[in-house]
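Q: here is a sequence with its predicted model. Questions after.
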Amino acid sequence: MNQIFTRTFVALFLILWLGNISASEGQNPNAGATPADTVKKAPPPPPAQLITYPLSLASGKFKLSGYAQVRYQYFTDTLVSNGFDVRRARVTLAGSPFKNFDYKLQADFAPTTRVMDVTAAYTFNTYIKIVAGQQKIPFSLENLISSPLMESINRSQVVEALVSRSRDVISTQGAVVGNNNGRDIGALLTGVIKTQGENARPLVEYSGGLFSGNGINKADNNRELDFSGRVIAYPIKQISIGGSYYNGSATYGKDVSKPKNRDRFGFEVYYNSPRITVKSEFIQGVDSATTRNGYYVQLAGFILPEKFQAVLKYDSYDSNIDKDGDQSTIYTFGLNWLWGKYAKIQAAYDYRKEQGDSDAQKDNDLFSVMLQLGF
């Protein structure tokens, strides 16, 4: 009896023990296998790589920037409509794909879409740089100052009339009219002569070149190229004195059978310090048989450093010096709030006065507010 019980107990024990081994082996397929026989799981695949186009390259860099200006104008002349407009909306792509070579592309989307700048430049050294393409002509201090950096909302009358802008003869007449924004198509040489040493500063700066003389995005309409040049001297660090010269011809006016002369010259003085800037220019031009000239004096100073800036400007222009009653004078009182690094709000009141009889005077003062945002 005891032997039967003992044999039965041993048999049950062996059955339970073998059952536990089988159960554990069923839970782990690799249980009991040798290392060589172990089935290894494949490693997870690497994350997908993003295809990117970096702004900074080993061989060069390019930069995308832009700004927009939204303006409100209130005219005291009841015949002129008041309201808002998008004055400028520009995007610029500039870069340097390899050493000493750089390019610039700028487009404006207001009030219409237009190409503004298309240039390629090569720098030989600090004394010589060649720039080819559509660009600002080297004439006039105020013409060459970029719009976002202007202390006044509007440029001076004489600059608009004689430096390839809104009132120039090539902008107001012909098959294609419109503001050329001080630009033309051509090529120029520019350079700077500096002092020696660690605190080097400019002594003389020059620019001169040949241009089509017909404005932006348009082919030349005569066989002659125009010349434009500008030379600036810096007697001390904060003061520059210079002159500009333009000699050219264009087809404009009622008689378009042959080109007419379009010549200009100008002088400028500029004082620039962190708190106060003073600038003045005189420009005279001859369009066919009509001589025009004008000048401005502007004072801008910060009431609060880098925040609030007051602007006073006297702007005089005579559209025909051989006739009476063609002179226009604008007194500008402005205030600028530099809201941030890329934001600015400008407000200005233009008191306008025309020379002549009292009946010729118009109530055409202008109050403007402009918001500028950039990136």
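A: Sure, I can see it. Here the structure is a predicted model, which is why all the values come from computation and not from measurement.

Q: in a helix, Glu142, correct?
A: Yes - using DSSP: H, G, I helix; E, B strand; the rest coil, the assignment for Glu142 is a helix.

Q: now it: how far from Ser244?
A: 11 Å (CB to CB, to the nearest Å). From N, CA and C alone the C-beta is placed, and that goes for glycine too.

Q: ok, Ile185 next?
A: Between Ile185 and Ser244 the computed distance is 19 Å (CB to CB).

Q: ok, now Val163?
A: According to CB to CB, Val163 stands 9 Å off from Ser244.

Q: the more surrounded of these two?
A: A count of neighbours by other CB atoms under 10 Å puts Val163 above the other of Val163 and Ser244, at 30 against 25.

Q: for that one, which residues are in contact?
A: For Val163, the contact set (CB atoms under 8 Å, 6 or more residues apart in numbering) comprises Ile137, Phe139, Ser140, Asn143, Gly182, Arg264, Ile283.

Q: pLDDT value on the first one, please?
A: This points to Ile137. Note on Ile137: pLDDT of 98.

Q: I figured it was touching Ser164, is that so?
A: Yes - counting by CB atoms under 8 Å, Ile137 touches Ser164, with 6.1 Å between them.

Q: and those two? which has more neighbours close in?
A: Set Ile137 next to Ser164 and count neighbours by other CB under 10 Å: Ser164 wins out with 32 against 29.

Q: and that one, helix, strand or coil?
A: Following three-state DSSP, we place Ser164 in the coil state.

Q: grab the nearest non-local neighbour of it.
A: Excluding the flanking residues, the one nearest Ser164 by CB to CB, 6 or more residues apart in numbering is Asn180, at 4.6 Å.

Q: still on that earlier bit, list the residues that contact both of Ile137 and Ser164?
A: Residues touching both Ile137 and Ser164 by CB under 8 Å, 6+ apart: Asn143, Gly182, Arg183, Asp184.

Q: where do the helices of the stretch 151-300 of the chain begin and end?
A: Along the stretch 151-300 of the chain, counting by DSSP state H, counting those that start in this stretch, helices occupy 157-162, 169-172.

Q: just the CA trace of the last one, in CSV.
A: The C-alpha coordinates for helix 169-172 follow below in CSV (Å, rounded to 0.1, in the frame of the first residue of the first chain):
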residue,chain,number,x,y,z
VAL,A,169,9.4,113.9,-67.1
ILE,A,170,10.2,110.2,-67.8
SER,A,171,7.6,109.2,-65.1
THR,A,172,4.8,111.5,-66.2
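
Q: distance between that helix and the chain's centre?
A: Relative to the mean C-alpha coordinate of its chain, helix 169-172 is positioned 23 Å out (CA atoms, centre = their mean, to the nearest Å).

Q: in that helix, what counts as buried?
A: Val169, Ile170, Ser171 (16 or more other CB atoms under 10 Å).

Q: need the residues touching each of Val163 and Ser244.
A: Going by CB under 8 Å, 6+ apart, residues that sit against Val163 and also against Ser244 are Phe139, Ser140, Arg264, Ile283.

Q: check Val70 and give its pLDDT.
A: With respect to pLDDT, Val70 scores 98.

Q: repeat for Gly325
A: Gly325 carries a pLDDT value of 86.

Q: tell me which residues touch Ile153, please.
A: By CB under 8 Å, 6+ apart, the contact set of Ile153 is Arg71, Gly334, Gln346, Ala348, Ser368, Met370.

Q: mind doing that once more with 7 Å?
A: By CB atoms under 7 Å, 6 or more residues apart in numbering, the contact set of Ile153 is Gly334, Gln346, Ala348, Ser368, Met370.
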